[in-house]
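Visitor: What follows is a predicted protein model with its sequence.
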Amino acid sequence: QLQLVESGGGLVQPGGSLRLSCAASGFPLDYYTIGWFRQAPGKEREGVSCIRSSLGTTYYADSVKGRFTISRDNAKNTVYLQMNSLKTEDTAVYYCAARDERLKGADFGSWGQGTQVTVSS
């Protein structure tokens, strides 16, 4: 069973940076698309970024484009989300999730427990 654990959240001032990590265990990430999602209080969960395994293709929500960078290290079974120029509206619980690329139409079926990111002065 694939298990995901996020880390790297914390409190940062506006304009600051954080790097989130999503460490996987149980299965290698070679066949998984990994996505980062976030949920702020009172708001729906939204997709932030994702990265495919096969070609390393990336996707970013418009709200984070140019500020966030997703990357993966399959040797370490870890995906990272580098967040720069953070804004107060980036405050949320951030989750990583995995989707098996071998299964047609598969959804993000494995989720981590989340890590809190708070951007405040």
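Guide: That came through fine.

Visitor: What segments of this structure are strands?
Guide: Secondary structure of the chain (DSSP state E): strands located at 3-7, 10-12, 18-25, 32-39, 46-51, 58-60, 68-73, 78-83, 92-100, 110-111, 115-119.

Visitor: okay but Gln39 is in contact with Gly47, surely?
Guide: No. The pair Gln39 / Gly47 is not scored as a contact, 10.8 Å apart, by C-beta atoms under 8 Å. C-beta coordinates here come from the backbone N, C-alpha and C atoms, glycine included.

Visitor: Now do the residue nearest the centre of the chain against Gly105, distance only.
Guide: The centre of the chain sits closest to Trp36, judged by C-alpha atoms, centre = their mean, with a distance of 2.5 Å. Trp36 is 21 Å from Gly105, where distance means C-beta to C-beta, to the nearest Å.

Visitor: One more: Asn74?
Guide: 24 Å.

Visitor: Pick out whichever of those two has more residues nearby.
Guide: Asn74 (14 against 5; other C-beta atoms under 10 Å).

Visitor: give the contact list for the residue nearest to Val93 when sequence neighbours are not counted.
Guide: Leaving aside its sequence neighbours, Val93 sits nearest to Gly114 (C-beta to C-beta, 6 or more residues apart in numbering; 4.3 Å). If a contact means C-beta atoms under 8 Å, 6 or more residues apart in numbering, then Gly114 has 6, 93-95 as its contacts.

Visitor: Relative to Thr58, which of those residues is nearest.
Guide: Tyr94 (16.5 Å; C-beta to C-beta).
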